[in-house]
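J.: next one to model:
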Amino acid sequence: MPVIKFTYTDLGELLGQNIGQKELIDLLPMIGSDIEDYDDNEVKVEFFPNRPDYLSVEGVARALKGFLKIEEGLPHYHLESSNTSITVDPELEEIRPYTACCLVKGIHLTEDKLRQLMDFQEDLHWVLGRDRKKVAVGIHNLDVLQGPFRYLACHPDEVSFVPLEMDEPMTLREILTEHKKGRSYAHLIDEHAKYPIIMDSEDNILSMPPIINGELTKLTTETRNLFVDVTGTDQLAVERTLNIIATSFAETGAQIQTMENIYKDGTLTRPDLTPKKRMVSVEKAEKIIGISLSADKVADALKKVRFDAEVIDQDTVKVMIPAYRVDILHEVDIIENVAIGYCFRKIKPKLPQVATVAREDPYHNFDQNVREIMNGLGFSEIMSLMLTNEENHYQKMMIPETQRVEVAQPISQDRTMIRQSLLNGLLEFFEDNKHEELPQKIFEVGETVYLDEEKETRTVGVKKMAAMITHSQANLTEIKSITHALVSNLGLEMVIEDLDQPTFIPGRCAYLTGVKKGTSEVCLEGFFGEINPQVIRNFELEYPVVAVEVAFKGF
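T.: Reported below is the predicted structural model:
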């Protein structure tokens, strides 16, 4: 999850008052942060990706102002017209069709502020941008530019500019093949015949979205005015990202100026900071939070989290939600903010008014049996998230995409669907721990979810176990013996047959079933084998990997 660092001095300047270390450390968890580390000078905090407005110290200060009652209610930002525009080339429609831009006047950048700004930009790329695929941000020195601006599709061999941290001009194609950033993000645009650039009225190239900015517009401590561009493939995400950036700069006292974003079928003025209007039920808030509330208490709590709130009647409160709060999707999200504004520490836990005798759930008792077997075989257990993404789950595993349960409003590029297999999660673990000593032997017991074949609006959960080994001599014989030991310890007989599965090396993979002894009843089924070298490379691993995955039934 995103982690940001800021000093007590920076925070105090934004709050307009000093806040003590102890008070701050005590307060930050109440607005939804996890404190990673702190010392006498600065604090390092982690926030959930659903709150990208917290990815800058300005966003944190804005929230704390409400909690400390320095400023309550909806923040109001004055927007001026820049009297300039950016025109979008219709040829970008199939490449990277959307942009939203603004100007920022009157900033003051120190070395620390520059670092914070770059970290803010990269965190937004990760949280909202799906590593720049969905959204990319460019922040430029406006003082060396002249509007109006153009967002163009250009032939990669006919246009060149000096990319960031370079001395000589490079063509767009050369940037993708020779520049470090170009090689990292080439896959986002290299399939197209033309690549996007942003250019001013004097033909200065600002950037090549979503790859890299130009050296010409590099920020320094002397920069006083900014041009901010956000480009991407999702218009709503692009505009929300600009709102977060613009309001963050506005918190420092900078002047935000709107720009006309001109498309072939119309013109949009951005940023648009119009708040969203919602209604919240007091009765529902009481039921979910578990405390007694009135409409006035709900309104007061919402004002502390920087919403505007107006009591309509004893059960209804009208809420105005600021444009930077992209996490508010449902009434339940507003109720969560009621609890935050009320303060979690004031919500006292209560024992349920029931008397029960506890016993271990047989469903989980079986899990524990499997865990004991795998631990006894020398494996370490991991626990990964049920949410994954299509690239890791399908493309990197070299298997075709299937019908799946997708997340309607993902808060991260890495979590867009519910997993149907545990294998890619184990490979991701190896990828994150490839610096550790070998051999590595890991397993996981967990749920997977499929769409019902008969009724696709219904889901089916399937419990699975997957295990994986990596070292220089990992082979089919090793994973076969591990699989046989698991099946035998579960009191089953193992039956295997050949299987062609793209994730595994052809001829080095087998389909298996675990059958109750003396019967034909199948209690588990799955496969094991040696992972395909291309899959290993896809996860940036260096050594052979063998794996087994089984689904349990009938236990």
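J.: shouldn't residue 487 be in contact with residue 526?
T.: No - if you go by CB atoms under 8 Å, residue 487 and residue 526 don't touch, sitting 9.9 Å apart. Glycine gets a C-beta too; all of them are placed from N, C-alpha and C.
J.: list residues touching both of those two?
T.: residue 512 (CB atoms under 8 Å, 6 or more residues apart in numbering).
J.: give me the more crowded residue out of these two.
T.: residue 487 (24 against 20; other CB atoms under 10 Å).
J.: contacts only, for that one.
T.: The neighbours of residue 487, taking CB under 8 Å, 6+ apart as the test, are 493, 494, 512, 514, 524.
J.: what residues are up against the first one?
T.: With contacts defined as CB under 8 Å, 6+ apart, the neighbours of residue 493 are 487, 514, 515, 516, 517.
J.: kindly state the pLDDT recorded for the third one?
T.: Here, the pLDDT recorded for residue 515 equals 89.
J.: residue 306 sits in which helix or strand?
T.: For residue 306, there is no helix or strand it lies in under DSSP states H and E.
J.: contacting residues for it?
T.: Residues in contact with residue 306 (CB under 8 Å, 6+ apart) are 62, 63, 65, 66, 71, 72, 73, 74, 75, 322.
J.: of the contacts of residue 487, which belong to strands?
T.: 493, 494, 512, 514, 524 (DSSP state E).
J.: distance check, the last one against residue 380.
T.: With the distance defined as CB to CB, to the nearest Å, residue 524 ends up 22 Å from residue 380.
J.: who has more neighbours out of those two?
T.: Legend: neighbour count by other CB under 10 Å for residue 524 and residue 380, higher for residue 524 (23 against 11).
J.: not counting sequence-adjacent ones, nearest residue to that one?
T.: Excluding the flanking residues, the one nearest residue 524 by CB to CB, 6 or more residues apart in numbering is residue 514, at 3.9 Å.
J.: quick check: buried residues in the helix or strand that contains residue 478?
T.: Using DSSP H and E, residue 478 sits within helix 476-489. By 16 or more other CB atoms under 10 Å, the buried positions in helix 476-489 come out as 476, 478, 479, 480, 482, 483, 486, 487.
J.: neighbours of the residue nearest to the fourth one when sequence neighbours are not counted, how many?
T.: On the basis of CB to CB, 6+ apart, the spatially nearest residue to residue 480 that is not a chain neighbour turns out to be residue 528, at 6.4 Å. Residues within reach of residue 528, counting by other CB under 10 Å, total 26.
J.: where's residue 528, which helix or strand?
T.: Counting by DSSP H and E, the element that carries residue 528 is strand 522-531.
J.: related to what we said a few turns ago, how about JSON lines for the contacts of residue 487, with distance to residue 165 added?
T.: Shown next, in JSON lines, are these (distance: CB to CB, whole Å):
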{"residue": "493", "distance to residue 165": "62"}
{"residue": "494", "distance to residue 165": "57"}
{"residue": "512", "distance to residue 165": "52"}
{"residue": "514", "distance to residue 165": "57"}
{"residue": "524", "distance to residue 165": "54"}
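J.: closest one of these to residue 30?
T.: Nearest to residue 30 among these, counting by CB to CB, is residue 524 at 46.4 Å.
J.: all helices of the stretch 151-300 of the chain, in order?
T.: 172-178, 180-185, 235-251, 282-289, 295-304 (DSSP state H, counting those that start in this stretch).
J.: who are the packing partners of the longest one?
T.: By that I understand helix 235-251. Packing partners of helix 235-251 (3 or more CB pairs under 8 Å, 6 or more residues apart in numbering; DSSP states H and E): helix 57-67, strand 98-105, helix 111-127, strand 135-141, strand 225-232, strand 255-263.
J.: okay, buried residues for it please.
T.: Under the neighbour-count criterion of 16+ other CB under 10 Å, helix 235-251 has 237-251 buried.
J.: the closest residue to residue 90 other than its chain neighbours: neighbour count?
T.: Leaving aside its sequence neighbours, residue 90 sits nearest to residue 264 (CB to CB, 6+ apart; 4.7 Å). Residue 264: 9 surrounding residues under other CB under 10 Å.
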